[in-house]
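Enquirer: turn this into a structure:
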Amino acid sequence: MTDFTDAFAAALGLILGGDPELVAIVLRSLSISLSATVLAGLVGLPFGALVAVSRFPGRRAVVVVLNALMGLPPVVVGLVVYLLLSRAGPLGPLGLLFTPAAMVIAQACLITPIIAALARQTVEDLHAGYDELFRSLGVGRLRAVATLLWDGRLSLVTALLAGFGRASAEVGAVIIVGGNIDKVTRVMTTAIALETSRGDLALALGLGLIVLCLSLAINAGALALGQAARRGAGVAP
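Expert: Reported below is the predicted structural model:
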């Protein structure tokens, strides 16, 4: 108990004192995860919305696959991205392996299905109420997608927050493609694993507390946005 108390006190000291190493790791983690979320959002939001408003043979299978990919194993994503970016892979000449860019790609691949699946459900629910109006006005598919994405923007930000939360907590995929290189690709989750194995519990616990607070903040933000969206739709919270 004494060791834990000492480690917890030291962790708080690192956080409150703005330890340079801890701050650098946190900022690097946020930068990579935010970049991955933006990239995944640019792909996942319009794709999910397009699936929601389209009717085509095999659509049900696409929805099933999209939902299944929400549980994609991170190490599998990391392995696939590693093979693509390795020297013998098709993207090897770009020299991205073991760089922050590779970690962004891996996280984006992991969370794009999550964002797309949540966007599809949100837009599909909205489309049910707008379908007849769109038909009467002769609104095209792409125009409908843009309109529904804008109308459901608060709910869709919740999807982005879910993706960001998943990305920021990821360790398996990023350590495969990033290598956990000090001051280059070391992020909060990989640093926690490394420092725990080294016995530096203060830094590991400090980073763990920040990850926990970040998770709580994301969930609180998602809840607030969900309530705002329901109020905007005239639904009692």
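Enquirer: OK, contacts around the residue lying closest to A102 once chain neighbours are set aside?
Expert: The spatial neighbour of A102 that comes closest, neighbours along the chain excluded (Cβ to Cβ, 6 or more residues apart in numbering), is V177 at 4.2 Å. Where you see a C-beta, it was placed from the backbone N, CA and C, and this is true even at glycine. Contacts here follow Cβ atoms under 8 Å, 6 or more residues apart in numbering; on that basis V177 touches 78, 81-82, 85, 97-98, 102-103, 105-106.
Enquirer: what's the answer for A173, then?
Expert: So A173 contacts 74-75, 77-78, 81, 106-107, 109-110 (Cβ under 8 Å, 6+ apart).
Enquirer: can you give me how far the helix or strand where A10 lies is from the chain middle?
Expert: Counting by DSSP states H and E, the element that carries A10 is helix 2-16. Taking the mean of its C-alpha atoms, helix 2-16 sits 29 Å from the chain's own mean (Cα atoms, centre = their mean, to the nearest Å).
Enquirer: buried residues, that helix. List them.
Expert: Using 16 or more other Cβ atoms under 10 Å as the test for burial, helix 2-16 gives 7, 10-11, 14-15.
Enquirer: and if you look at stretch 15-27?
Expert: Within stretch 15-27, the residues that count as buried by 16+ other Cβ under 10 Å are 15, 19, 22, 25-26.
Enquirer: where do the helices sit along this structure?
Expert: Per DSSP state H, the chain carries helices over the ranges 2-16, 20-53, 59-68, 74-85, 100-137, 141-151, 153-168, 172-178, 188-198, 201-232.
Enquirer: among the contacts of V177, which one sits closest to L214?
Expert: Minimum distance to L214 across the contacts of V177 is 17.0 Å, recorded for M103 (Cβ to Cβ).
Enquirer: tell me the predicted confidence for the closest one.
Expert: Listed pLDDT for M103 reads 95.
Enquirer: I'd like to know how far the residue lying farthest from the centre of the chain sits from Y130.
Expert: Farthest-out residue of the chain from its mean C-alpha position, per Cα atoms, centre = their mean: S136, at 37.5 Å. As judged by Cβ to Cβ, to the nearest Å, S136 and Y130 stand 10 Å apart.
Enquirer: hang on, the earlier thing: mind putting the helices of the chain into CSV with distance to L91?
Expert: Listed next are the helices of the chain as CSV, based on distance: least, Cβ to Cβ, whole Å:
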stretch, distance to L91
helix 2-16, 38
helix 20-53, 15
helix 59-68, 24
helix 74-85, 5
helix 100-137, 9
helix 141-151, 30
helix 153-168, 20
helix 172-178, 11
helix 188-198, 22
helix 201-232, 30
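Enquirer: what's the closest of these to P93?
Expert: In terms of Cβ to Cβ, the element of the helices of the chain nearest to P93 is helix 74-85, at 10.0 Å.
Enquirer: output the closest one as PDB, restricted to C-alpha atoms.
Expert: Extracted C-alpha coordinates of helix 74-85, given in PDB (Å, rounded to 0.1, in the frame of the first residue of the first chain):
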ATOM      1  CA  PRO A  74      -6.100  -4.000 -33.400                       C
ATOM      2  CA  VAL A  75      -3.200  -6.400 -33.800                       C
ATOM      3  CA  VAL A  76      -4.600  -7.500 -37.100                       C
ATOM      4  CA  VAL A  77      -4.900  -3.900 -38.300                       C
ATOM      5  CA  GLY A  78      -1.400  -3.300 -37.100                       C
ATOM      6  CA  LEU A  79      -0.100  -6.300 -39.000                       C
ATOM      7  CA  VAL A  80      -1.800  -5.400 -42.200                       C
ATOM      8  CA  VAL A  81      -0.600  -1.800 -42.100                       C
ATOM      9  CA  TYR A  82       2.900  -3.100 -41.200                       C
ATOM     10  CA  LEU A  83       2.900  -5.300 -44.300                       C
ATOM     11  CA  LEU A  84       1.700  -2.400 -46.500                       C
ATOM     12  CA  LEU A  85       4.300   0.000 -45.200                       C
END
